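> Predicted model, plus sequence, below.
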2 protein chains.
Amino acid sequence: MQKRLIVQKFGGSSVANVERIQNVAKRVVKYRKNGHDLVVVVSALGDTTDELIDLASKINSDASEREMDMLLSTGEQISVALLAMAIHKLGYEAISFTGAQVGIITDKNHTRAKIVKINGDRIKEALKKGKIVIVAGFQGMTLDQDITTLGRGGSDLTAVALAKELAADECEIYTDVEGIFTTDPRIEPKARKIDAITYDEMLEMASLGAQVMQARSIEVAKKFNVPIQCRSSFSDKPGTMIIKEVKHMEDVVLSAVTLNRNEAKITICTVPDKPGVAAKIFKELAEAEVNVDMIVQNVSHLRQTDISFTVAKSGALKAIKLTKKVAKAIGAGEVLEDEDIARVSVVGVGMKSHPGVAATMFDTMAKNKINIEMISTSDISISCIIKNQLAEKAVKALHHEFGLDKR
Amino acid sequence: MQKRLIVQKFGGSSVANVERIQNVAKRVVKYRKNGHDLVVVVSALGDTTDELIDLASKINSDASEREMDMLLSTGEQISVALLAMAIHKLGYEAISFTGAQVGIITDKNHTRAKIVKINGDRIKEALKKGKIVIVAGFQGMTLDQDITTLGRGGSDLTAVALAKELAADECEIYTDVEGIFTTDPRIEPKARKIDAITYDEMLEMASLGAQVMQARSIEVAKKFNVPIQCRSSFSDKPGTMIIKEVKHMEDVVLSAVTLNRNEAKITICTVPDKPGVAAKIFKELAEAEVNVDMIVQNVSHLRQTDISFTVAKSGALKAIKLTKKVAKAIGAGEVLEDEDIARVSVVGVGMKSHPGVAATMFDTMAKNKINIEMISTSDISISCIIKNQLAEKAVKALHHEFGLDKR
């Protein structure tokens, strides 16, 4: 077997207790026995991060972000030390590093810092000495030596960025699922694991609510063409490759059906149809940091129109309040809210060259008596907002209709 | 009130939970309100360090010392972040640092590193900006940027070393006791808190088993003449000053009576009285890293003698085994062991100028029918090994006889 440099990332559930840490150590050592060079990125043990956040909130509910980073970065530091010890126990050489120690330099945006550059020298040196290198995920440091964290999905980002910096042959992201599925197997038992998927499809799926990897890490992987494999730390089966192009599957129209139940729909009725009105609404929401997702404006009739949009349920209260204020200011009518909705989407680069996907999707909905409340399309996805209680029925119907259960 | 620079160190019990962290924050802020500059050194929360050690031992009972330091240093990092948040909550500016961040450079002896130098620039800069500076105790880093810990009493050492480096006006060591006492108040309720004591006396007391401060930190304080105050974080009463000379107390003969129950006595009988025999015994023990404390050799008669010595109970088994081996090799007789002993000592620089302390001590023992098994003296202390069950009686009698209960 050819010697390769592999970056492996293990999430919090993969290192949640002593036994699981030992399992990760065994897996890492198995690769090492095959002669590969390994850089292992680890998240904090199980619920450690949540426990630390809880402790901080008891002391100061509005804690300084710099101090939060100081606090939270300890979680990953504990993990790397323990994993190194577990690997030593198996008789292999390993060395652990914090983000700061391996020169992961970030900007100063504490709790959501961006990686500015990585100095991989220390890792390369340790690899050259034959050591398995273990790096704390989710963290870096500023040029002033302040500890930073990278925000949600930060450990994935650490892994992808290191894979790029070290020109690794592959970047493996280990989680508690076996890969990316054609849809959520808890909803559709016929869902299949996808062998390979493009960065663009994965990005689309992440933005549509798939929780396997954060969009940020995939964007970086895409930018630098880092091949990723998403797989399970509890199984030896191959996972899903996330790559630039999936060549051998030109006849595959769709890759997956996704479902997102975390959005609420807001509608402003009888909005005066004049220039600048939409801008006014969404500028106000943006300034309040409410993330607006789908926006649909119907054709105007009688010089007025309805505007609907979706926001994350967590931001719905704030959004409603603001929207009512703006509606009044612009002379619009009632503001309606509906939290009992779901977004069902189909995703696939294939739809670029296969016309008729939208028609098939809408037809499937109709045949199943599912009313579509909003429609939104992108280059490689089509989304429908429907009533929440019909969501599972829609997912199953689409999964079947587009042949995702067959191979 | 004159503006002063004060280094304060809070031990693990002072920051064991949210409420205690808040109390420490209040105390720090009170000093700040009086206009003082503050550098606060903190240990890990309560039992955090022990819990981490326990976790590590489950993974690897012979864990790498470098990785242990990586692991254990997180304890203090959590404390400094939480204390900074608690001070912010009170409306004051504070900033936390790890040992590495404030340039505490150590040698490479992981788990027991020595401080090589401190670059105080970052602390001085933060103080100049009006911030309360919070530093993780017990830790530093090597020139290669590896994280190290300073071993037992390491946080005290951090505080004393920072006080020296910053030329602080005072170094306050907060614990859960109100200061240094004339003897253990749990044994003798008449024990009094000592107002001031010299470095030498404190060193002697530490080596005789007093657990308030480790000898290492006191040695550094003595070397650089850093005035220390030992006091309680649960009280506002002044504690005990540890300083170079206690001038106003020339008539005080003794400062304290100490008791150490953690030693075992080993006796080698009928040792041939010829040159090199003692050397052979203790060289062997030293090489096995058994710490020998008191050594007593009786006058020789019939060209043979008995040699007795004490070792820490934790090392007694190993010591006995080795001693038996050596005894055989040198043609000595039986090896006896006694764990049921105690060392009672009197300490005081005053004994240098007040002859007769030893006589009074032995007389007190005799009056109380306490048999003395071994005697050892230093410049400023006299120790007797007696039966363990008579220890408390001896402590009380000496405390009374030397007038330590009066003032």
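In hand now; what should we look at?

> For residue A:198, give me phi and psi.
The phi/psi pair for residue A:198 (degrees, to the nearest 10) reads phi -90, psi 160.

> from what I can see it touches residue A:242, true?
Yes - using Cβ atoms under 8 Å, residue A:198 is in contact with residue A:242, at 7.5 Å. Every C-beta, even on glycine, is put in place using the N, C-alpha and C of the backbone.

> Look at the two and report which has more neighbours.
For the pair residue A:198 and residue A:242, the greater number of neighbours falls to residue A:242 (29 against 20), based on other Cβ atoms under 10 Å in any protein chain shown.

> any idea how far residue A:319 lies from residue A:391?
22 Å (Cβ to Cβ, to the nearest Å).

> With residue A:59 instead?
As judged by Cβ to Cβ, residue A:59 and residue A:391 stand 41 Å apart.

> Low-confidence bits of chain A, can you list those?
The model of chain A has pLDDT under 70 over residues A:1, A:248-251, A:299-300, A:407.

> Give me the nearest residue to the most centrally placed residue in it, chain neighbours excluded.
By Cα atoms, centre = their mean, chain A has its centre lying nearest to residue A:214, at 1.9 Å. Nearest residue to residue A:214, sequence neighbours excluded (Cβ to Cβ, 6 or more residues apart in numbering or on different chains): residue A:153, at 2.8 Å.

> The one you found: neighbouring residues, count only.
For residue A:153, the neighbour count with other Cβ under 10 Å is 20.

> I'd say it and residue A:213 touch.
Yes - counting by Cβ under 8 Å, residue A:153 touches residue A:213, with 6.8 Å between them.

> how close does the residue nearest to residue A:214 sit to residue A:342?
Look at residue A:153 and residue A:342: by Cβ to Cβ, they are 23 Å apart.

> Also residue A:83?
39 Å.

> With residue A:12 instead?
In this view, residue A:12 and residue A:342 are 28 Å apart by Cβ to Cβ.

> Which of those two has more residues huddled nearby?
Shown here are residue A:12 and residue A:342; by other Cβ under 10 Å, residue A:12 has more neighbours (24 against 21).

> dump the residue contacts of the more buried one.
Neighbour list for residue A:12: A:43, A:44, A:45, A:46, A:47, A:48, A:49 [criterion: Cβ atoms under 8 Å, 6 or more residues apart in numbering or on different chains].

> Tell me the bridge partners for residue A:376.
Taking DSSP bridges, one obtains residue A:383 as the residues bridged to residue A:376.

> Now for the spatially closest residue to residue A:149 that is not a sequence neighbour: which residues touch it?
The spatially closest residue to residue A:149, leaving aside those adjacent along the chain, is residue A:69, at 4.7 Å (Cβ to Cβ, 6+ apart). Residue A:69 makes contact with A:110, A:111, A:113, A:139, A:146, A:147, A:148, A:149, according to Cβ under 8 Å, 6+ apart.

> Look up how far residue A:334 lies from the residue in chain A sticking out farthest from the centre.
No residue in chain A sits farther from the centre than residue A:302, which is 42.6 Å out by Cα atoms, centre = their mean. Per Cβ to Cβ, residue A:302 is found 16 Å from residue A:334.

> Around the residue of the stretch 301-407 of chain A found nearest chain B, how many other residues sit close by?
Closest to chain B within the stretch 301-407 of chain A is residue A:314: 23.9 Å, counting by Cβ to the nearest Cβ. Neighbours of residue A:314 under the rule other Cβ under 10 Å: 12.

> what sits against it?
When contacts are counted by Cβ under 8 Å, 6+ apart, residue A:314 touches residue A:262.

> Show me what from chain A comes close to chain B.
Counting by Cβ under 8 Å from any Cβ of the partner chain, the residues of chain A close to chain B are A:18, A:21-22, A:52, A:55-56, A:58-60, A:63-64, A:66-68, A:70-71, A:73-74, A:77-78, A:80-82, A:84-86, A:88-89, A:95-96, A:98, A:100-101, A:145-147.

> Of residue A:319 and residue A:391, give the one with the bigger neighbour count.
Higher neighbour count among residue A:319 and residue A:391: residue A:319, with 24 against 19, using other Cβ under 10 Å.

> Find the nearest non-adjacent residue to residue A:139, please.
Leaving out its chain neighbours, the residue that sits closest to residue A:139 by Cβ to Cβ, 6+ apart is residue A:99, at 3.7 Å.

> Can you report how many residues lie near the one you found?
Look at residue A:99: counted by other Cβ under 10 Å, it has 30 neighbours.

> Please determine how far residue A:367 is located from residue A:347.
According to Cβ to Cβ, residue A:367 and residue A:347 sit 21 Å apart.

> So between these two, which is more surrounded?
Using other Cβ under 10 Å as the criterion, residue A:367 and residue A:347 rank with residue A:347 on top: 27 against 10.

> What's the local residue count around residue A:23?
Count around residue A:23 with other Cβ under 10 Å applied: 17.

> Hmm, it is touching residue A:233, no?
Yes - using Cβ under 8 Å, residue A:23 is in contact with residue A:233, at 7.1 Å.

> Need the residues touching each of those two.
Common neighbours of residue A:23 and residue A:233 (Cβ under 8 Å, 6+ apart) are residue A:14.

> circling back: now tabulate the contacts of residue A:69 in CSV and tack on secondary structure and neighbour count.
Formatted as CSV, the contacts of residue A:69 follow (DSSP: H, G, I helix; E, B strand; the rest coil; neighbours: other Cβ atoms under 10 Å in any protein chain shown):
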residue, secondary structure, neighbour count
A:110, coil, 20
A:111, coil, 17
A:113, coil, 26
A:139, strand, 27
A:146, coil, 19
A:147, strand, 30
A:148, strand, 30
A:149, strand, 28
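
> Show me which pair in those is furthest apart.
A:111 and A:146 (12.0 Å; Cβ to Cβ).

> Would you mind measuring from residue A:213 to residue A:201?
For residue A:213, the distance to residue A:201 - Cβ to Cβ - is 12 Å.

> Distance of residue A:181 relative to residue A:219?
As judged by Cβ to Cβ, residue A:181 and residue A:219 stand 22 Å apart.

> ditto for residue A:243
Distance of residue A:243 to residue A:219, computed by Cβ to Cβ: 14 Å.

> out of the two, which sits in the busier spot?
With other Cβ under 10 Å as the criterion, residue A:243 and residue A:219 differ in neighbour count, and residue A:243 comes out ahead with 19 against 16.

> could you pull out the helices for chain A?
Assigned by DSSP state H, chain A shows helices spanning A:18-33, A:48-59, A:65-89, A:121-128, A:154-165, A:199-207, A:215-224, A:277-287, A:316-329, A:357-367, A:391-401.

> For the last one, list every residue counted as buried.
So that's helix A:391-401. A:391, A:392, A:393, A:394, A:395, A:396, A:397, A:398, A:399, A:401 (16 or more other Cβ atoms under 10 Å in any protein chain shown).

> One more: the third one?
By neighbour count with 16+ other Cβ under 10 Å, helix A:65-89 contains the buried residues A:66-89.

> quick one, that helix and helix A:154-165 angle?
Angle of helix A:65-89 versus helix A:154-165, following axes from the mean of the first three to the mean of the last three Cα atoms, to 10 degrees, is 70 degrees.

> Distance from helix A:65-89 to the middle of the chain?
Relative to its parent chain, helix A:65-89 has a centroid offset of 22 Å by Cα atoms, centre = their mean, to the nearest Å.

> okay, the angle between it and helix A:18-33?
For helix A:65-89 and helix A:18-33, the angle between their directions (the same axes, to 10 degrees) works out to 70 degrees.

> same check, this time on the fourth one
What separates the directions of helix A:121-128 and helix A:18-33 is an angle of 70 degrees, with the same axes, to 10 degrees.

> isn't the residue nearest to the centre of chain A right up against residue A:158?
No - using Cβ under 8 Å, residue A:214 is not in contact with residue A:158, being 11.8 Å away.
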